[in-house]
Every structure is written in C-alpha cells, then in structure tokens.
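**Q** Okay, sequence plus prediction incoming.
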Amino acid sequence: MVGIRSGTEEPKYKIVATLGAVEIREYAPRLAASVTEPGDAIAARYAGFRRLAAYIFGQNIAMTAPVAQAQNIAMTAPVAQERAEGGWTVSFYMPAKYTLATLPKPVDPGVVIHEVPGLTYAVYRFSGIPGAAPVEAARSVLLKQLTGSDWVVNGPVVDWFYDPPWTIPWARRNEVAVPVIHK
C-alpha cells in the first residue's frame, strides 16, 4: 500500500505502564538531527522536514573535487516537533548504528546533531491528518489522562509523526508525548 511505512527504524522503547489509551514508555538515549523553524506549527514542520531530509539524503557534504558519492542516512521515524523559542524544532532520530563521530557533519549550519537523553514518556497515539486542531485535541487527551495519576509531567509535550503526507489518513500513525516521572 502506498504511503505505509515498512521497515523504517524507530527508537527502541519498553512499555512500563498504561493509563487507558496512554502508554508510559522508557526510551534509551539516541541521536537526533534538529533544526528550528519560525512560523506556525504546520509550516515549520514542512520547512524543517525539507532541511533535515536534505541532510539525511546526502546533500550534507560540501562540494569538493573529485566527485564522490555522498553518504545517505536511512530514514527513521518518527519526525518529532516541539515548540521552541522563535518557532518550532523539528527532529529526525538517527539510525542506531551511528555515533556522533560517524555521522556526517551537516553543511547547513542550522542542522544540529545532538544526543537525546533516555527518558520516560507518556504517549498517546492517534490517526488522521495531523493538522493543528487534531494535534491539540490529542495533547488534551494525553494531559487529561495523566491528571490524578502516579505520573507527573516533566517537560514539554512533543508531537511525533510517522508517515509520509500521501499516506491515507486512517492509516497514519501520529503520537503526542510528554516526559514524565513516577511519583
């Protein structure tokens, strides 16, 4: 089926609890390539995606002679987005086989490679087109489910998108997540 992710690497996690439709997941440390874009959430997501895609698909190597094939980095999921000062930060997680030393240095000075620490997240999954209203509704469900539980919010909510835009809406995997700690 066109647009369905297949064989795309995702960060590894372990489910440690559930609260209704919310999973509490422990994630190991991982590497990410990130860029911050101004504007509204949707415009920033697409602009950030294009810049990061240029990096992972090999347009990250400065022109030199002789001509050599650039290193491509495998696509991973999800694409992460969170509010940042002056806009939105969009991130791609790097395949687990890479280290800071083995990833190509980005030519685009706005692309930053960094380690994402291992964290525990509360995660709510939803399908459909991830416009501003559906994402906000999913965030509300997530935070409401945590109210009165043994899990305390410990950071900003992030949005995770797993599928290309041409994926049929009901088959899309989207998630909202927030770092949490156990009381």
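**A** Done, it's in. Numbers count the residues shown, from 1 in each chain.
**Q** where in this protein is pLDDT low?
**A** When the per-residue scores of the chain are filtered using pLDDT under 70, the ranges that remain are 1-7, 59-75.
**Q** Excluding chain neighbours, what is closest to the residue nearest in space to the middle of the chain?
**A** For the chain, the residue nearest the mean C-alpha position is Ala80 (2.1 Å; Cα atoms, centre = their mean). In space, Ala80 comes closest to Ser91 once its chain neighbours are excluded; the distance is 4.3 Å by Cβ to Cβ, 6 or more residues apart in numbering. C-beta coordinates here come from the backbone N, C-alpha and C atoms, glycine included.
**Q** Give me the distance between that neighbour and Ala53.
**A** Look at Ser91 and Ala53: by Cβ to Cβ, to the nearest Å, they are 12 Å apart.
**Q** Next: Gln81.
**A** 14 Å.
**Q** All the strands of the protein, residue numbers only.
**A** Counting by DSSP state E, residue ranges of the strands within the chain are 13-19, 22-27, 30-37, 79-84, 87-93, 112-116, 119-126, 151-153, 158-161, 174-182.
**Q** same for the first one, what does it pack against?
**A** The one in question is strand 13-19. Counting contacts by 3 or more Cβ pairs under 8 Å, 6 or more residues apart in numbering; DSSP states H and E, the secondary-structure elements packed against strand 13-19 are strand 22-27, strand 119-126.
**Q** a markdown table for these, including mean neighbour count and distance to Lys105?
**A** Shown next, in a markdown table, are these (neighbours: other Cβ atoms under 10 Å; distance: least, Cβ to Cβ, whole Å):
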| stretch | mean neighbour count | distance to Lys105 |
| --- | --- | --- |
| strand 22-27 | 20 | 25 |
| strand 119-126 | 20 | 26 |
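**Q** can you put those strands in TSV and add distance to Ala96?
**A** Conversion of the helices and strands packed on strand 13-19 to TSV gives the following (distance: least, Cβ to Cβ, whole Å):
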stretch	distance to Ala96
strand 22-27	12
strand 119-126	16
